[in-house]
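Asks: have a look at this fold, sequence not included:
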């Protein structure tokens with residue numbers, strides 16, 4: 001083999017190695033620092049706050065979520081199942097007027113079931129399910145967290161105050177965005193229309209019941 005051919009092969013090998021290294025660095029950047037901020041949005045800030053401002057610890061947690069759940073592929077819903085879930089949401093929404101905490105429990109269970117049907121971890125593993133949802137639905141997952149927090153917080157048996165009811169209403173409104181994401185068709189064409197109609201109805205019901 002001539003010297004010229006050897007040199008050409010060496011140049012090719014070096015080029016391939018350099019390209020692979022660049023791709024690796026690019027992939028790393030997508031799951032760290034500013035890449036995590038872009039991917040998780042407000043959830044990034046909430047995670048940093050939970051770590052008392054330690055951005056490095058927060059990024060390690062978020063990066064672990066991506067590594068564990070980033071390759072998850074959401075499964076489509078059958079039309080009949082989608083209709084059943086939407087009917088259950090409507091029922092919980094109506095129930096909120098007279099029994100807000102019970103309605104929140106219905107929504108918490110419903111979100112967990114829909115997420116499970118879409119291929120996320122089972123509802124029985126809330127923390128794991130939430131982490132996976134945060135990777136793929138970061139913009140809206142906080143509503144689920146708020147609803148779950150209300151449901152799992154012990155009460156003293158007294159009726160909720162007006163402020164507490166308002167907080168639950170806001171949590172349910174926020175959770176609706178995640179629900180719409182999970183039950184929408186793949187192209188999301190029906191998401192905005194059905195969501196706006198349902199939320200407007202819920203606002204009117206909540207005001208009437210307050």
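Replies: Sure, I can see it. Because the structure is a prediction, the values reported are computed rather than measured. Residues are numbered from 1 along each chain as shown.

Asks: any low-confidence regions in the protein?
Replies: Flagging of the chain using pLDDT under 70 yields the residue ranges 1-2, 4-9, 11, 13-32, 155-163, 185-210.

Asks: what's the domain layout of it?
Replies: 3-69, 79-209 (automatic domain parsing).

Asks: so for the shortest one, first residue to last residue, what's the gap.
Replies: From the first residue to the last, domain 3-69 extends over 49 Å; the measure is C-alpha to C-alpha, to the nearest Å.

Asks: check stretch 70-81 too.
Replies: End-to-end for stretch 70-81, by C-alpha to C-alpha: 25 Å.

Asks: report the buried residues of that stretch.
Replies: 74, 77 (16 or more other C-beta atoms under 10 Å). Placement of C-beta: from N, CA and C, glycine included.

Asks: do the same with stretch 35-52
Replies: Applying 16+ other C-beta under 10 Å to stretch 35-52 flags 35-37, 39-41, 43-44, 46-48 as buried.

Asks: among those, which pair sits farthest apart?
Replies: 35 and 46 (17.3 Å; C-beta to C-beta).

Asks: and residue 12, how many neighbours?
Replies: 10 (other C-beta atoms under 10 Å).

Asks: so which residues of the chain form helices?
Replies: 3-30, 34-40, 42-50, 55-69, 79-95, 100-117, 126-136, 141-152, 162-183, 191-209 (DSSP state H).

Asks: distance check, residue 66 against residue 117.
Replies: 23 Å (C-beta to C-beta, to the nearest Å).

Asks: what's the answer for residue 171, then?
Replies: Relative to residue 117, and taking C-beta to C-beta, residue 171 is found at 22 Å.

Asks: who's more crowded, the two?
Replies: It is residue 171, of residue 171 and residue 117, that has more neighbours when counted by other C-beta under 10 Å, with 24 against 19.

Asks: tell me the spacing between the more buried one and residue 45.
Replies: Distance of residue 171 to residue 45, computed by C-beta to C-beta: 18 Å.

Asks: for residue 102, same thing?
Replies: 32 Å.

Asks: also residue 149?
Replies: Residue 149 sits 17 Å away from residue 45, going by C-beta to C-beta.

Asks: what's the answer for residue 10, then?
Replies: Counting by C-beta to C-beta - residue 10 and residue 45 are separated by 48 Å.

Asks: please apply the same query to residue 144.
Replies: Distance from residue 144 to residue 45, counting by C-beta to C-beta: 17 Å.

Asks: surely residue 143 is in contact with residue 177?
Replies: Yes - here residue 143 reaches residue 177: they are 6.0 Å apart, a contact under C-beta atoms under 8 Å.

Asks: just give the closest residue to residue 36, not the sequence neighbours.
Replies: Counting by C-beta to C-beta, 6 or more residues apart in numbering, residue 36 lies nearest to residue 62, which is 5.0 Å off, once chain neighbours are set aside.

Asks: what sits against residue 73?
Replies: Applying C-beta atoms under 8 Å, 6 or more residues apart in numbering, we find residue 73 in contact with residue 119.

Asks: and it, how close does it get to residue 93?
Replies: Counting by C-beta to C-beta, the gap from residue 73 to residue 93 is 30 Å.
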